[in-house]
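Novice: please find the sequence and the predicted model below.
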Amino acid sequence: MMTLTAATRTKVLQRQGSAVALVLVVAVSWLVFPRFGSLDNLRDLALQGSFLAVIALGMTFVIITGGIDLSVGSVYALGGVLAAWGSQHGFLVALALPLVVCAGIGLVNGLLIARTNMAPFIVTLASLLFARGLLLVITDEGAITYQIPPDSAFVELGRGTVFGFGYPIFVAAALCLLGGAVLNRTSFGQNVFATGGAEQSAILMGVPVARTKIGVYTASGTLAGLAGALTAAYLQSGVTVIGVGTELDAIAVVVIGGTLLTGGTGTVLGTVIGVGLIKVIQNVINQIGTLDSNYQSVVSGVFLLVVVVLQRVLRR
């Protein structure tokens, strides 16, 4: 009979711990709350998680390189406003405008971080303020809310369904599958791991570290803009107040999924599991009814702290 070594057990726990936690939470919730297992509730869970999953996908690549992107929440909100404004000029403008602008913000982040060696925290914090400020300028400090016509083809992107499941779910699933393939099956993915694992060694080995960083930050901005566009299509408007704290939610689910904040290790599947775990916990708190919604943040914070402490212990 085979026995697992201590190192093997550590790796399994580090990689599969969030999955085990998700299975346990879902099983308990299914037994305790009859409505939890209903098809309608599961559809809502998947839909709400899809927007965060798209943002967290980009954050996964960034954190694996040893970076951080604090701008995604504001870029997400900006993408939604730009999509709503662009919907007045047709489907293509509504989709392309937020992608181009938000990709541009991500590109600037990457260039500043990779070419000037500025701290990702400072650069992306500045981008957070820039994106939120630009959003307020476009909406006259939030006084204007751009509506998307109900008969617009763009609305179908957010509210259309296949077998009752919204299009954003399938978009998020396709992007995560693609992201997983890129991370694990391409040279770019290997460069991402090498950059986060030991940047100086990667440079000596000829890994294009600067180009890799520019790529991941550009992808992060683009995906945040896409998530904003999908949200705008779902809500049929460019809501200016969304995205506050979303960057923290994205970081939380990535770390809960097993990606190390120090970089060099992580999976897209782990991030998806992290999204599922946080959304299930939030859903359960809502179903309890007697608890204030603010407890969602309390539970998420405690859970994140536990995961980070465990990661540090396992690394030792």
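Specialist: That came in fine, so what should we check first? Residues are numbered from 1 along each chain as shown.

Novice: mind checking what secondary structure residue 266 has?
Specialist: Following DSSP: H, G, I helix; E, B strand; the rest coil, residue 266 is assigned to coil.

Novice: for the stretch 101-250 of the chain, just list every one of the helices.
Specialist: Remark: helices assigned in the stretch 101-250 of the chain by DSSP state H, counting those that start in this stretch are 120-138, 153-159, 167-185, 187-197, 199-204, 209-235, 246-256.

Novice: make a markdown table out of those and add distance to residue 71, mean neighbour count and mean pLDDT.
Specialist: Any C-beta I mention is one placed from the backbone N, CA and C, and that applies to glycine too. Below are the helices of the stretch 101-250 of the chain laid out as a markdown table (distance: least, Cβ to Cβ, whole Å; neighbours: other Cβ atoms under 10 Å; pLDDT from 0 to 100):
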| stretch | distance to residue 71 | mean neighbour count | mean pLDDT |
| --- | --- | --- | --- |
| helix 120-138 | 4 | 18 | 95 |
| helix 153-159 | 23 | 18 | 91 |
| helix 167-185 | 19 | 17 | 96 |
| helix 187-197 | 19 | 20 | 95 |
| helix 199-204 | 22 | 13 | 91 |
| helix 209-235 | 7 | 27 | 96 |
| helix 246-256 | 7 | 25 | 92 |
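
Novice: can you say which of those is nearest to residue 39?
Specialist: helix 167-185 (13.3 Å; Cβ to Cβ).

Novice: what angle sits between the closest one and helix 209-235?
Specialist: Interaxial angle, helix 167-185 versus helix 209-235 (axes from the mean of the first three to the mean of the last three Cα atoms, to 10 degrees): 170 degrees.

Novice: picking that back up, what would the helices of the stretch 101-250 of the chain look like in JSON lines with distance to residue 53?
Specialist: Conversion of the helices of the stretch 101-250 of the chain to JSON lines gives the following (distance: least, Cβ to Cβ, whole Å):
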{"stretch": "helix 120-138", "distance to residue 53": "20"}
{"stretch": "helix 153-159", "distance to residue 53": "15"}
{"stretch": "helix 167-185", "distance to residue 53": "4"}
{"stretch": "helix 187-197", "distance to residue 53": "18"}
{"stretch": "helix 199-204", "distance to residue 53": "28"}
{"stretch": "helix 209-235", "distance to residue 53": "9"}
{"stretch": "helix 246-256", "distance to residue 53": "8"}
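
Novice: to residue 263, which of the ones you listed lies closest?
Specialist: Ranking the helices of the stretch 101-250 of the chain by distance to residue 263, with Cβ to Cβ as the measure, places helix 187-197 first at 2.8 Å.

Novice: and the closest one, what other elements does it pack with?
Specialist: Applying 3 or more Cβ pairs under 8 Å, 6 or more residues apart in numbering; DSSP states H and E, we find helix 187-197 packed against helix 39-64, helix 167-185, helix 199-204, helix 209-235.

Novice: who's in contact with that helix?
Specialist: For helix 187-197, contacts defined as Cβ atoms under 8 Å, 6 or more residues apart in numbering pick out 61, 63-66, 182-183, 201-202, 205, 207-209, 212-213, 215-216, 262-265.

Novice: just how off-centre is it within its chain?
Specialist: 19 Å (Cα atoms, centre = their mean, to the nearest Å).

Novice: ok, now stretch 247-265?
Specialist: That offset, for stretch 247-265, works out to 10 Å (Cα atoms, centre = their mean).

Novice: make 25 the first number, not 1, from now on.
Specialist: Taking 25 as the first residue, the last one we looked at is stretch 271-289.

Novice: straight-line length of it, end to end?
Specialist: 20 Å (Cα to Cα, to the nearest Å).

Novice: quick check: residue 45 touching residue 301?
Specialist: Yes - with contacts counted by Cβ atoms under 8 Å, residue 45 reaches residue 301, the gap being 6.0 Å.

Novice: more neighbours: which of those two?
Specialist: When neighbours are counted by other Cβ atoms under 10 Å, residue 45 and residue 301 differ, and residue 301 comes out ahead with 26 against 19.
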